[in-house]
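*Asks:* got a structure for you, letters missing:
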Ligand SMILES: Nc1ncnc2c1ncn2[C@@H]1O[C@H](COP(=O)(O)OP(=O)(O)OP(=O)(O)O)[C@@H](O)[C@H]1O
């Protein structure tokens, strides 16, 4: 990382009683990066982000955001937008009032109408928060997190409950913010979103950063896969194709093109149909599954 990192976490530890939830965790996020902090359930992502966001005190270690202690709220908060998993809006406020209130608290400049347009809630501006659907509340959360185009944005499971159009709109808005230089920290259980969007991924498991890198770096160590199934009367394909418990076949290989060609030649020679054929590099899901034994 060439310039000073926006987020610098160094040997962070946190315990709840005698349970060691975050163990010697170190990572950095550079300016303009989209960093996805992913992990298994209970890995310690939320605990870590609560500390980085200034909501929780570290047990030990150092955390710096813009070179400051994140608990120095006056210095850090105006430069930061946070979309939490659970919104803390008053149910009696309208959508417009909620955005305006967060805007005042953020001490950033923006136009409420612009924000409502970004998240397609203009037609709900006068509606009380208590009357919004789950997806609409999530869009309101996003609007308040990006009020005033903050330099650093935390998105905690941002697309949970959003339909496909709203997801696309949210990512378009994130792309525009990134084009303006914003740094984004994302947590999500939708791995394909992280795979598509993240510059780098930190993979947490049981309190530690198990692996870190670009998607290519994380998936390189694992073989590519070919998946297919065969009609009931077809001959058995030669190794390395192996039958899976669901009756389909799986080839794991570091020579994807060669194995795929061999398989297609084998099928052509026998006039066998390869049903549901899929071939490609390892997905992030497979990296996750490899954590199970870790
Ligand atoms: N207030 C608390 N008191 C005691 N234990 C806690 C507390 N908060 C979290 N934990 C424990 O610390 C561990 C890490 O929790 P955390 O919420 O940070 O994980 P996470 O990676 O965000 O998980 P998930 O993906 O399931 O949301 C879990 O085992 C959890 O049970």
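*Replies:* Yes, it's here. Keep in mind that what you see is a predicted model, and the values were worked out from it rather than measured. Numbers count the residues shown, from 1 in each chain.
*Asks:* Residue 266 contacts residue 236, doesn't it?
*Replies:* No. Counting by C-beta atoms under 8 Å, residue 266 sits too far from residue 236 to count as a contact (10.5 Å). (Glycine included, C-beta is placed from N, CA and C.)
*Asks:* Those two - which one has more neighbours?
*Replies:* residue 266 (15 against 9; other C-beta atoms under 10 Å).
*Asks:* Return the residues in contact with the nearest residue to the more buried one once chain neighbours are set aside.
*Replies:* Spatial nearest neighbour of residue 266, chain neighbours left out: residue 237 (6.1 Å); criterion: C-beta to C-beta, 6 or more residues apart in numbering. With contacts defined as C-beta atoms under 8 Å, 6 or more residues apart in numbering, residue 237 is in contact with 230, 249, 263, 266-267.
*Asks:* same thing but 10 Å
*Replies:* 228, 230, 243, 249, 251, 262-263, 266-267, 270, 272, 274 (C-beta atoms under 10 Å, 6 or more residues apart in numbering).
*Asks:* Do a quick rundown of the strands in the chain.
*Replies:* Taking DSSP state E as the criterion, the chain carries its strands at 7-16, 19-29, 34-39, 60-65, 80-83, 152-156, 183-187, 200-205, 208-213, 224-229, 242-243, 249-253, 275-280.
*Asks:* doesn't residue 225 make contact with residue 256?
*Replies:* Yes. At 8.4 Å, residue 256 counts as touching residue 225 under the criterion of C-beta atoms under 10 Å.
*Asks:* anything in contact with each of those two?
*Replies:* 279-281.
*Asks:* so which one among those residues has the lowest pLDDT?
*Replies:* Among the shared contacts of residue 256 and residue 225, residue 281 carries the weakest pLDDT, at 82.
*Asks:* Give me the spatial nearest neighbour of it, chain neighbours excluded.
*Replies:* Going by C-beta to C-beta, 6+ apart, residue 281 has residue 224 as its nearest residue, at 4.9 Å.
*Asks:* go on, residue 108?
*Replies:* residue 148 (2.4 Å).
*Asks:* quick one: low-confidence parts of the stretch 1-150 of the chain?
*Replies:* 1-2 (pLDDT under 70).
*Asks:* Can you tell me which residues in it are near the ligand?
*Replies:* Contacts of the stretch 1-150 of the chain with the ligand, taken as C-beta under 6 Å from any ligand atom, map to 16, 19, 21, 39, 41-47.
*Asks:* Please repeat the previous calculation with a cut-off of 8 Å.
*Replies:* 16-17, 19, 21-22, 39-50, 85 (C-beta under 8 Å from any ligand atom).
*Asks:* How about the stretch 51-200 of the chain: which residue is closest to the ligand?
*Replies:* Here the stretch 51-200 of the chain gets closest to the ligand at one residue, residue 189, 6.8 Å apart by C-beta to the nearest ligand atom.
*Asks:* Touching, residue 201 and residue 185? I think so.
*Replies:* No. Contact status for residue 201 versus residue 185: not in contact, 11.4 Å apart, counting by C-beta under 10 Å.
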